[in-house]
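*Asks:* What follows is a protein structure lacking sequence information:
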Ligand SMILES: [Zn+2]
């Protein structure tokens with residue numbers, strides 16, 4: 001093939017990608033850069049306008065919740081620097097679940113800085129036995145690869161990282177290995193209870209998808225509902241998003257900027273329960289619709 005033909009093939013692939021649903025996600029990552037900011041106390045936001053990464057300064061190293069989208073590790077590293085931290089101090093990355101848009105920086109941090117990688121046990125098994133569930137192929141680059149976790153999170157784990165103790169519970173549904181996390185953020189002597197829920201998308205509850213992965217009775221949908229109910233009544237003062245849409249991360253950030261001396265918009269005891277209920281109601285509607293069955 002001539003080099004001109006190779007170039008034309010490349011241009012045609014990009015044009016085709018731009019027309020797909022997630023094409024803009026892969027083609028224009030820099031358009032999504034968000035300047036990092038402090039949510040409250042030792043909890044920072046360091047990812048883009050679509051998928052969340054949170055940084056916790058534990059006093060004895062940095063912890064990330066998720067490592068960003070595949071192909072966006074440069075932006076994550078920049079956001080950590082811009083927040084005033086050094087990426088080499090990231091000791092631990094806790095992954096919400098094993099999909100491509102949450103695991104992008106894992107191998108980079110492990111190889112570069114010796115960061116320890118955490119993932120829910122069912123998704124660690126998925127990486128070994130059914131790696132296609134990760135949708136890694138959807139990153140449109142053969143340069144991405146899955147990682148081997150250093151620790152597989154199990155139901156009820158309580159783990160301490162520096163000054164921060166986290167309680168984990170499995171909330172299967174979006175994937176089998178989605179995790180929820182509860183921990184206290186610190187600001188001097190003051191603490192606030194944070195709650196995180198690792199994966200809400202219905203993309204993995206669609207009829208054809210479930211049939212393909214071996215769930216022809218769509219049992220995963222009930223599993224999803226059970227997971228929401230399991231953690232619904234936890235007391236949480238700060239709800240951290242898995243994607244920005246979960247807690248209107250950027251709307252709350254704008255409120256912080258507009259009224260820096262006002263009440264912290266991230267402190268909100270209602271939003272998490274409301275969002276979990278919205279997802280429950282939306283899924284019940286979805287399940288009633290004959291086209292989904
Ligand atoms: Zn996902």
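*Replies:* Arrived safely. Given the structure is predicted, the values throughout are model-derived calculations rather than measurements.
*Asks:* which residues in the stretch 101-250 of the chain form strands?
*Replies:* All strands of the stretch 101-250 of the chain, identified by DSSP state E, counting those that start in this stretch, fall at 116-120, 151-153, 158-161, 164-170, 179-187, 190-197, 238-240.
*Asks:* Among the ones you listed, which comes closest to residue 289?
*Replies:* strand 190-197 (24.1 Å; Cβ to Cβ). Quick note: C-beta positions are derived from backbone N, CA and C, even for glycine.
*Asks:* Would you mark the buried spots in that closest one?
*Replies:* Burial within strand 190-197, assessed by neighbour count using 16 or more other Cβ atoms under 10 Å, is assigned to 192, 194, 195, 196, 197.
*Asks:* ok, and what's touching that strand?
*Replies:* For strand 190-197, contacts defined as Cβ atoms under 8 Å, 6 or more residues apart in numbering pick out 40-41, 43, 54, 65, 96, 171, 178, 180-185, 231, 234-240, 242, 246, 267, 272, 276.
*Asks:* quick one, it and strand 164-170 angle?
*Replies:* 20 degrees (axes from the mean of the first three to the mean of the last three Cα atoms, to 10 degrees).
*Asks:* Closest approach to the ion from the stretch 51-200 of the chain, which residue is it?
*Replies:* For the stretch 51-200 of the chain, the residue closest to the ion is residue 99, as judged by Cβ to the ion, at 3.3 Å.
*Asks:* Contact residues of the stretch 1-150 of the chain facing the ion?
*Replies:* Residues of the stretch 1-150 of the chain lying close to the ion by Cβ under 5 Å from the ion are residue 99.
*Asks:* give the contact list for the nearest residue to residue 163 once chain neighbours are set aside.
*Replies:* Closest residue to residue 163 apart from its sequence neighbours, by Cβ to Cβ, 6 or more residues apart in numbering: residue 59 at 4.3 Å. Going by Cβ under 8 Å, 6+ apart, residue 59 touches 42, 162, 163, 186.
*Asks:* Checking residue 59 next. Helix, strand or coil?
*Replies:* coil (DSSP: H, G, I helix; E, B strand; the rest coil).
*Asks:* Show the pLDDT at it.
*Replies:* According to the prediction, residue 59 has pLDDT 97.
*Asks:* And the one 5 residues further on, by the same measure?
*Replies:* The score at residue 64 is 98. That number is its pLDDT.
*Asks:* Not counting sequence-adjacent ones, nearest residue to it?
*Replies:* Nearest one to residue 64, counting by Cβ to Cβ, 6+ apart, is residue 93 at 4.6 Å.
*Asks:* what's around the one you found, how many residues?
*Replies:* 27 (other Cβ atoms under 10 Å).
*Asks:* residue contacts, the closest residue to residue 48 other than its chain neighbours?
*Replies:* Leaving aside its sequence neighbours, residue 48 sits nearest to residue 32 (Cβ to Cβ, 6+ apart; 3.8 Å). Neighbour list for residue 32: 48, 49, 50, 75 [criterion: Cβ under 8 Å, 6+ apart].
*Asks:* isn't the residue of the stretch 51-200 of the chain closest to the ion right up against residue 175?
*Replies:* Yes. Assessed by Cβ atoms under 8 Å, residue 99 is found in contact with residue 175 at 6.5 Å.
*Asks:* hey, what's in contact with both of the two?
*Replies:* residue 199.
*Asks:* More neighbours: which of those two?
*Replies:* residue 99 (28 against 25).
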